[in-house]
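Peer 1: give me a 3D structure for the following:
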Amino acid sequence: MPDPHDIASRKADHLALATSGDVGFVHKTALWEHVELPHDALPELSVADVDLQVEWLGKTLRAPFVIAAMTGGTAKAEAINRDLAAAAEAHGIGFCFGSQRPLLSRGIETGYRVREVAPTALVVGNIGVVQAGAVSAARLRDLLAFSGADALAIHLNPGQEMAQPEGDRDFRGGLATIRRVVAELGVPVLVKETGCGISRSVGERLVAAGVRWIDTGGAGGTSWVAVEMHRAHPEERALAARFRDWGIPTAASVAGLAGLEVSVCATGGVASGLDAAKALAMGASCVGVARPLLQARERGVDALDRAIVALIAELRTAMVLTGCANVAALHAAPLVLGEPLLRWIPRSSAVRGRVVG
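Peer 2: Below you'll find the model as predicted:
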């Protein structure tokens with residue numbers, strides 16, 4: 001088993017780079033700029049009529065946002081995760097831990113307890129598929145119990161691992177692991193990517209394995225390949241640099257999964273409530289926001305609160321301007337999609353039937 005202190009050092013590097021490093025995609029975007037929502041000049045709605053409530057992972061969210069996975073396993077992560085979770089509690093949104101692999105090392109527990117400040121919020125645990133494959137469902141239940149999590153996210157990150165100097169290199173058996181955990185764990189299991197997106201074909205395999213919740217973790221936000229590029233030795237950086245822009249844009253990932261029997265969270269390059277509205281209109285049940293909220297929290301908890309309030313206000317405004325009283329109505333709204341996005345969307349996707357023009 002890896003040295004827990006090595007893992008803690010890596011998590012500290014990740015946190016510093018995710019907060020202030022040059023870790024964005026260079027040319028690739030999430031493609032939200034190629035999604036337009038037709039304006040409704042007669043919406044027949046009051047702002048007070050707009051209902052943002054959704055169900056996600058068995059719990060009710062007052063607004064369809066999740067503070068996406070970022071950090072844990074270091075001393076600094078303790079305060080960060082408590083602040084993020086407290087904000088989730090205050091606004092009725094979800095919170096997802098960064099990888100909880102350090103808990104499996106039995107050496108690091110820092111940063112993974114938030115229930116004191118978030119007694120009712122949706123809290124999601126998080127472990128890599130390789131690590132999940134090496135432990136029993138009982139051990140995973142202990143991990144969730146330690147942090148009071150309501151559900152488990154299993155993250156898929158072969159792109160990041162291939163760029164990480166100490167990363168995994170054997171990804172065999174991942175689908176079997178997911179099938180086993182879904183069958184045995186006894187709580188909702190979410191499968192997520194970490195910045196390279198999930199295709200329709202992978203979505204179909206996950207649904208066949210019993211998965212009912214997917215987080216796209218698409219390309220266009222933070223590139224975790226870029227994070228690892230900055231951590232790599234100089235002679236190893238060229239490989240990571242070559243794949244820095246690798247992945248499926250988030251909007252394309254959401255559209256590709258449309259029509260499957262799965263509830264989707266759109267994470268990756270969501271920077272505003274308008275981006276969130278576009279993701280929901282493309283079929284997502286909720287959206288995940290990571291780096292913008294981490295950076296807001298660096299400016300203080302008041303700045304974090306203002307950032308979440310702005311996201312919700314922007315989403316509510318977009319819904320009024322499209323005449324959508326709730327998220328279900330937004331799911332049925334017409335769409336105008338640009339050719340760069342249409343090239344990614346399978347002909348079988350349910351989204352194509354709603355495209356106008």
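
Peer 1: may I have the helix or strand where V264 lies exported as PDB, CA atoms only?
Peer 2: According to DSSP states H and E, V264 maps onto strand 263-267. The C-alpha trace of strand 263-267 is given here as PDB (Å, rounded to 0.1, in the frame of the first residue of the first chain):
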ATOM      1  CA  SER A 263     -29.400  10.500 -14.000                       C
ATOM      2  CA  VAL A 264     -26.600  12.800 -15.100                       C
ATOM      3  CA  CYS A 265     -24.600  15.500 -13.300                       C
ATOM      4  CA  ALA A 266     -22.800  17.900 -15.700                       C
ATOM      5  CA  THR A 267     -19.400  18.700 -14.300                       C
END
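
Peer 1: helices or strands up against that strand?
Peer 2: Under the contact definition 3 or more CB pairs under 8 Å, 6 or more residues apart in numbering; DSSP states H and E, strand 263-267 sits against strand 189-193, strand 213-215, helix 250-257, helix 273-281, strand 286-289. From N, CA and C alone the C-beta is placed, and that goes for glycine too.

Peer 1: at 7 Å instead, please
Peer 2: strand 213-215, helix 250-257, strand 286-289 (3 or more CB pairs under 7 Å, 6 or more residues apart in numbering; DSSP states H and E).

Peer 1: most distant residue from the centre of this structure?
Peer 2: Using CA atoms, centre = their mean, the residue of the chain lying farthest from its centre is L42. It sits 34.1 Å away.

Peer 1: not counting its neighbours along the chain, what's nearest that one?
Peer 2: G323 (7.6 Å; CB to CB, 6 or more residues apart in numbering).

Peer 1: wait, I93 sits on V66?
Peer 2: Yes - using CB atoms under 7 Å, I93 and V66 qualify as a contacting pair, with a distance of 6.3 Å.

Peer 1: output the regular element (helix or strand) spanning L140 as CSV - backbone C-alpha positions only.
Peer 2: For L140, the element it lies in under DSSP H and E is helix 137-147. Output in CSV follows, covering the C-alpha atoms of helix 137-147 (Å, rounded to 0.1, in the frame of the first residue of the first chain):
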residue,chain,number,x,y,z
ALA,A,137,-17.9,-3.4,0.1
ALA,A,138,-17.7,-3.6,3.9
ARG,A,139,-14.5,-1.5,3.8
LEU,A,140,-16.2,1.0,1.5
ARG,A,141,-19.2,1.2,3.9
ASP,A,142,-16.7,2.0,6.7
LEU,A,143,-15.2,4.8,4.6
LEU,A,144,-18.6,6.3,4.0
ALA,A,145,-19.6,5.9,7.7
PHE,A,146,-16.4,7.7,8.8
SER,A,147,-17.4,10.8,6.8
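
Peer 1: report the buried residues of that helix.
Peer 2: By neighbour count on 16 or more other CB atoms under 10 Å, the buried set for helix 137-147 is A137, L140, R141, L143, L144, S147.

Peer 1: against which helices or strands is that helix packed?
Peer 2: helix 101-104, strand 123-128, helix 174-184.

Peer 1: enumerate every residue touching the spatially closest residue to A68 that is not a sequence neighbour.
Peer 2: Leaving aside its sequence neighbours, A68 sits nearest to G288 (CB to CB, 6+ apart; 3.4 Å). G288 sits next to V66, A68, D215, C265, A266, T267, V270 when contact means CB atoms under 7 Å, 6 or more residues apart in numbering.

Peer 1: for the stretch 1-150 of the chain, just list every one of the strands.
Peer 2: For the stretch 1-150 of the chain, the strands defined by DSSP state E, counting those that start in this stretch cover 35-36, 54-56, 59-61, 65-67, 94-96, 123-128.

Peer 1: what strands flank the fifth one, and is each parallel or antiparallel?
Peer 2: I take that to be strand 94-96. strand 65-67 (parallel), strand 123-128 (parallel) (DSSP bridges).

Peer 1: swap in the first one?
Peer 2: Strand 35-36 has the following strand partners under DSSP bridges: strand 336-337 (antiparallel).

Peer 1: what's the pLDDT at W32?
Peer 2: For W32, the pLDDT comes out at 98.

Peer 1: swap in S20?
Peer 2: 56.

Peer 1: buried residues in the helix with the most length in the chain, which are they?
Peer 2: Assignment by DSSP state H gives helix 301-321 as the longest helix of the chain. Neighbour counts over helix 301-321 (16+ other CB under 10 Å) mark 301, 304-305, 307-308, 311-312, 314-316, 318-321 as buried.

Peer 1: equivalent analysis for stretch 238-257, please.
Peer 2: Buried residues in stretch 238-257 (16+ other CB under 10 Å): 240, 243-257.

Peer 1: distance between it and the chain's centre?
Peer 2: 14 Å (CA atoms, centre = their mean, to the nearest Å).

Peer 1: just to revisit the earlier point, now the angle from the helix holding L140 to strand 189-193?
Peer 2: Relative orientation of helix 137-147 versus strand 189-193 (axes from the mean of the first three to the mean of the last three CA atoms, to 10 degrees): 80 degrees.

Peer 1: quick check: which ranges of the stretch 51-200 of the chain have low pLDDT?
Peer 2: 71-74, 106-108 (pLDDT under 70).
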